[in-house]
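Chemist: fold the following for me, if possible:
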Amino acid sequence: MWHWFSRAAVSSETADWLVECVSWAMQNFDLERFRQNTPLVLPTNDFFPKQVDSQHAMAEYIFGRVVHFGGIESWPWRVVPPEQFYPAPPPLLGLNPAVRGEGETPILLPVVGQPAELIVTYAPDQISKPQDLVASMAHAAAQHMLWQSQLAPPGGQELFLQAAEVLAVFMGFGVMVTNSAYAFRGSCAKCYNPRANRQASLSESECLYALALFCDLQRIPRRKVAKHLKSYLHPALKSAYKQIEKHPSTPYLRELAA
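Modeler: Numbers count the residues shown, from 1 in each chain. As a prediction, the model looks like this:
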C-alpha cells in the first residue's frame, strides 16, 4: 500500500536540477568557504542576538548579519527603505563571489553616472516576520552575487531567481528560506497580510530538498535540522534525505564537499 511518507520529496527532474545547481554553486562561489566556514544559520539568538528599535534599523541589522555569514560584508552595500528604492540593474563592480570571507578587498570599477554601491530594500511588513525577512535578504544578497559573477545558472537566465534562491541555501540560510516559502492563509482574511510574506522563487518542497542537500554535504543530522523547521515539514525532510541518498550524483558532491 502506497504511504505518504515514502513519496519522493521532489520529482526526479527537479532533483536533477537542484543537484546540478548546488554543484554549480560549489564550483563557482567559493568551495573552500562552503567546506570550512558556512554554518547552518538558524533563527536563534546565537545568530541574531541584537535587539533594535526601528524598522529600518532592523532591516539594516538583519542584512548585516546575512552578508556577514555569507562572507560578503566587505562589499559596498546600502539598505534603503522601499520609498527610496528604484529598481534598476546594479552596477558591475568587479566583485568576485568566487572568493568570500573576511579580509577580501573588493575591486571597485568606476561606473559612469552610477554610485559604486549595491542597493537592497525590504518590505516593512516583514519586520514582524523575522524568518521571512532573513530569507528575503539572503535571496537579495544571492541575486547580487550571481549578477556580479555574470555566470549563467543551470537552465539559463530564465532561472536566475530560482538559482539565486538555491545560492541562498548554499550560503547557509536554508532553514529560513524553507520556513518562509509557503504562508498558510488561514480562515481569517483580516489576519492574512500578503505584504508580510516572502515571495519565494522555489516551491516549498524544492527549498526543502535544497536544504536537505546542503545538510547532507555538511554532515548535519536530520534531527538537528528538523527541530528548527515547521513541524508538518518533518516527514518531507525525511523523504528528501532518502531521495538524496539514492541520487547518482550524491557521491560526487560528497567527495567535492569533503
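Chemist: what about the helices in the stretch 1-150 of the chain?
Modeler: Assigned by DSSP state H, counting those that start in this stretch, the helices in the stretch 1-150 of the chain fall at 12-28, 31-36, 55-70, 130-149.
Chemist: what mean pLDDT does stretch 52-68 get?
Modeler: The average pLDDT for stretch 52-68 rounds to 94.
Chemist: offset the numbering so it begins at 41, please.
Modeler: In the new count, where the first residue is 41, that last one comes out as stretch 92-108.
Chemist: buried residues, that stretch. List them.
Modeler: 95, 98-103, 105-107 (16 or more other CB atoms under 10 Å). Glycine gets a C-beta too; all of them are placed from N, C-alpha and C.
Chemist: show me which of these is closest to residue 208.
Modeler: residue 106 (8.8 Å; CB to CB).
Chemist: and the closest residue to the closest one other than its chain neighbours, how many neighbours?
Modeler: Using CB to CB, 6 or more residues apart in numbering and skipping the chain neighbours, the partner closest in space to residue 106 is residue 177 (4.6 Å). Neighbour count of residue 177, defined by other CB atoms under 10 Å: 27.
Chemist: ok, residue 177 to residue 222 distance?
Modeler: 19 Å (CB to CB, to the nearest Å).
Chemist: what's the answer for residue 208, then?
Modeler: Counting by CB to CB, the gap between residue 208 and residue 222 amounts to 16 Å.
Chemist: which of the two has more neighbours?
Modeler: residue 208 (30 against 15).
Chemist: which residues does that one contact?
Modeler: Residues near residue 208 by CB atoms under 8 Å, 6 or more residues apart in numbering: 175, 178-179, 181-182, 214, 217.
Chemist: could you do residue 283 as well?
Modeler: 48-50, 55, 249.
Chemist: quick one: low-confidence ranges for the stretch 91-240 of the chain?
Modeler: Counting by pLDDT under 70, the ranges of the stretch 91-240 of the chain that qualify are 143-154, 223-237.
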